[in-house]
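A.B. asks: Fold the following for me, if possible:
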Amino acid sequence: MSYRLDSPATLFDVAELCGATTRIHWAVAREMWRTGETFAMRDDDKLLGVFGLYPIEEGAEAWFDIRPEGAPFMLRLIRDIRLTLASRSYPEIVVICHTEAGRRIAVASGFQLFSEGDLTYGRYVRRGQQGQQTGAGTAEAGSGRAAAPDAGGSRASTG
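C.D. replies: I've put the predicted structure just below:
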């Protein structure tokens, strides 16, 4: 077992885990890969998960998709996501969560979650900001992960 983090993830990594099965999902996956930062988490050559940051006017949208096979590496996966988020200088990083697993990963990664109807979204809270009043900012809809395309895939293990 040889865990590693690759950046950028390949377009096929993003498409595989984001479930790019239709033209629109493929176009969204391609746009996220082309415009944002992407990371692939692997055990040897097996893809465990992908995550990334997509720049928006207010900062960035975080997105991730982790396979159930990534469970033994979850602490490492969360650490990699936290370190990546902490090292970026975006004024705000937001996330949209559509599953309970995604909400757990978002909270573990440092997001403060808010609910509005059926939508759960969050704002990344940097160290030292936990006690401050936070607004959620704007989070664009259209995602099935945490700000990733709603494209099927391994939905049970994603935001």
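A.B. asks: Paired strands for the host helix or strand of F39, with orientation please.
C.D. replies: If you go by DSSP states H and E, F39 is part of strand 37-43. Strand 37-43 has its sheet partners listed here by DSSP bridges as strand 3-6 (antiparallel), strand 46-56 (antiparallel).
A.B. asks: which of these sits most buried?
C.D. replies: Most buried of the strands paired with strand 37-43 by mean neighbour count (mean count of other Cβ atoms under 10 Å) is strand 46-56; its value is a mean of 22. For every residue, glycine as well, the C-beta is placed using N, CA and C.
A.B. asks: Run through the helices of the chain in chain order.
C.D. replies: Along the chain, counting by DSSP state H, helices occupy 11-18, 23-35, 74-86, 100-108.
A.B. asks: Might you report the residue contacts of L5?
C.D. replies: F39, A40, M41, R42, D80 (Cβ atoms under 8 Å, 6 or more residues apart in numbering).
A.B. asks: Chain neighbours aside, what residue packs nearest to the second one?
C.D. replies: In other words, A40. A9 (3.6 Å; Cβ to Cβ, 6 or more residues apart in numbering).
A.B. asks: what residues are up against the one you found?
C.D. replies: By Cβ under 8 Å, 6+ apart, A9 lies in contact with W33, T38, F39, A40, V50, G52.
A.B. asks: Done for today, thanks.
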